[in-house]
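Enquirer: build me a structure from this.
(2 chains)
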Protein chains: 2
Amino acid sequence: VLTFSHMRRTALILAAIFAAALCALAADGDRPVPFPANYREWVFLSSGLGMNYGPLAARADETPRFDNVFVSPAAYQAFLKTGQWADKTMFVLEVRSSESKGSINIGGHYQAGLAGIEAEVKDRGQWTFYSFDDGVAEGKPFPRTASCYACHSANGAVDNTFVQFYPTLLPVAKAKGTFHLSAR
Amino acid sequence: VLTFSHMRRTALILAAIFAAALCALAADGDRPVPFPANYREWVFLSSGLGMNYGPLAARADETPRFDNVFVSPAAYQAFLKTGQWADKTMFVLEVRSSESKGSINIGGHYQAGLAGIEAEVKDRGQWTFYSFDDGVAEGKPFPRTASCYACHSANGAVDNTFVQFYPTLLPVAKAKGTFHLSAR
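Expert: Okay, the predicted model is just below:
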């Protein structure tokens, strides 16, 4: 038979399990993420030159860098339908050095060696940024105080992302009414 | 029963059919190709800025243009394994204008409106270039005298293609021994 003290003890154990589960949930967005080894087969969104994305920007004595943005294919398909980023959406920002004179090229800039890889993941509504050190199998979350969080949150045209710079998605977001007008 | 004149007539008919088939083969590489409407979901190879690709280059009074290169997914997978382009490989060159100051961006260049789309297709060993006019469902082959043919043939690092400018494929071609050394 269940005594009152037995029931109370059971309730306490259940409460402790529930609290632990909540804690795991809260910390989950900041867990390491596996490196998406095939991200070059994901959907390309755009490339910029010399846009000075935070920590991976070129130094003043270097040539400007390219940044290529890729998104996971299922997230891209969902965006085309809804103008919104589904849960588990993952962006990869690949930064490359630029070169100007090589082979037959004598002007402009083309892409060369890898300078760094970062990612942005949406997990249960929350976006987390990750850096991938060269050859490491897991991405380390940036602390919530990193400047990427505040900047994306304040200036992203669609839900923390810079759709204003992705020419094929911008008209989709406008048509679906998900484009924040303040981002222009 | 088959008479000699009957056999001769049959032979002439067969010869005519064979000649017609040969003719169709020879012209086949220069047939229009359907516009690959989903090329933005193909594999991105690289993007350059201001590289002045032939007829779609920006005028002197315009900002430089981006050129994005995509390749059909099956061709990409085959290249990773062999360092060579399989038959039916299709490249898409997408040219976009660049902008510099917009939204939060104050330096560098990001991609904007479409300036043109061209393609290169390998068919039974022969490469053909196509232009796609806006909204047209088929690509028109460039005449064999167009400068793209001579330039790609002379300077392509792998089989008529500028693998020297595709940073993730360049090491594959070198490892597989398919990189023309003269292309550097």
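
Enquirer: C-terminal to the helix or strand bottoming out on mean pLDDT in chain A, what's the next element?
Expert: Within chain A, no helix or strand scores below helix A:4-28, which has a mean of 48 by mean pLDDT, DSSP states H and E. For helix A:4-28, the following helix or strand on the C-terminal side (DSSP states H and E) is strand A:33-34.

Enquirer: just the CA trace of the helix or strand following that following strand, in CSV.
Expert: Moving toward the C-terminus from strand A:33-34, the next helix or strand (DSSP H and E) is strand A:43-49. Provided in CSV are the C-alpha atoms of strand A:43-49 (Å, rounded to 0.1, in the frame of the first residue of the first chain):
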residue,chain,number,x,y,z
VAL,A,43,21.9,24.6,-51.1
PHE,A,44,24.0,27.7,-51.8
LEU,A,45,22.3,30.9,-50.8
SER,A,46,24.8,33.6,-51.7
SER,A,47,28.4,34.7,-51.6
GLY,A,48,29.8,38.1,-50.6
LEU,A,49,33.2,39.7,-50.9
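
Enquirer: quickly check: strand A:43-49 near chain B or not.
Expert: Yes - interface with chain B: strand A:43-49 contributes A:43, A:44, A:46, A:47, A:48, A:49 (CB under 8 Å from any CB of the partner chain). For glycine as for every other residue, the C-beta is placed from the backbone atoms N, C-alpha and C.

Enquirer: per-residue pLDDT of the first one, please?
Expert: Looking back up the chat, that one is residue A:43. Residue A:43 carries a pLDDT value of 98.

Enquirer: and what of the third one?
Expert: Looking at residue A:46, its pLDDT reads 98.

Enquirer: assess the claim that it and residue B:109 are in contact.
Expert: No - Residue A:46 is beyond contact range of residue B:109, at 10.9 Å (criterion: CB atoms under 8 Å).

Enquirer: longest strand in chain A, by residue count?
Expert: In chain A, taking DSSP state E as the definition, the longest strand is strand A:110-123.

Enquirer: what about stretch A:147-167, distance to the chain center?
Expert: 10 Å (CA atoms, centre = their mean, to the nearest Å).

Enquirer: so what touches that stretch?
Expert: A:45-46, A:48, A:54, A:69, A:83-85, A:91, A:120, A:122, A:127, A:129, A:142, A:169-170, A:173, A:178-180, A:183-184, B:96, B:102-105, B:110-114 (CB atoms under 8 Å, 6 or more residues apart in numbering or on different chains).

Enquirer: would you mind listing which of those are buried?
Expert: Among the contacts of stretch A:147-167, the ones that count as buried by 16 or more other CB atoms under 10 Å in any protein chain shown are A:45-46, A:48, A:69, A:83, A:85, A:91, A:120, A:122, A:127, A:129, A:142, A:169-170, A:173, A:178-179, A:183, B:96, B:103, B:105, B:110-112.

Enquirer: low-confidence ranges, chain A, go.
Expert: A:1-29, A:53-55, A:183-184 (pLDDT under 70).

Enquirer: which residue is nearest the centroid of it?
Expert: residue A:120 (1.2 Å; CA atoms, centre = their mean).

Enquirer: SS state for the closest residue in space to that residue that isn't next to it in sequence?
Expert: Ranked by CB to CB, 6 or more residues apart in numbering or on different chains and with sequence neighbours excluded, the top spatial neighbour of residue A:120 is residue A:91, at 4.3 Å. Assigned by DSSP: H, G, I helix; E, B strand; the rest coil, the conformation of residue A:91 is strand.

Enquirer: wait, what's in contact with residue A:91?
Expert: Neighbouring residues of residue A:91 by CB under 8 Å, 6+ apart: A:45, A:69, A:70, A:71, A:119, A:120, A:121, A:161.

Enquirer: confirm the second one sits in a strand?
Expert: Yes - with three-state DSSP as the criterion, residue A:69 is located in a strand.

Enquirer: now do it against residue B:124, distance only.
Expert: Distance check for residue A:69 against residue B:124: by CB to CB, to the nearest Å, it reads 37 Å.

Enquirer: likewise the third one?
Expert: Distance from residue A:70 to residue B:124, counting by CB to CB: 33 Å.

Enquirer: the more surrounded of those two?
Expert: Neighbour count, other CB atoms under 10 Å in any protein chain shown: between residue A:70 and residue B:124, residue A:70 has more, with 22 against 9.

Enquirer: what residues are bridge-paired with that one?
Expert: Beta-bridge partners recorded for residue A:70 (DSSP bridges): residue A:44, residue A:92.

Enquirer: doesn't residue B:44 make contact with it?
Expert: Yes - counting by CB under 8 Å, residue B:44 is a contact partner of residue A:70 at 7.4 Å.

Enquirer: who touches both of these two?
Expert: When contacts are counted by CB under 8 Å, 6+ apart, residue A:70 and residue B:44 have A:40, A:44 as shared neighbours.

Enquirer: returning to what we had before: farthest-separated two in the contacts of residue A:91?
Expert: The largest separation in the contacts of residue A:91, counting by CB to CB, is between A:45 and A:121 at 15.4 Å.

Enquirer: helix/strand/coil for residue A:164?
Expert: With three-state DSSP as the basis, residue A:164 sits in helix.

Enquirer: which one is it nearest to, not counting chain neighbours?
Expert: Nearest to residue A:164 is residue A:157, by CB to CB, 6+ apart, at 4.1 Å.

Enquirer: ok, now how distant is the one you found from residue A:179?
Expert: Going from residue A:157 to residue A:179 by CB to CB gives 5 Å.
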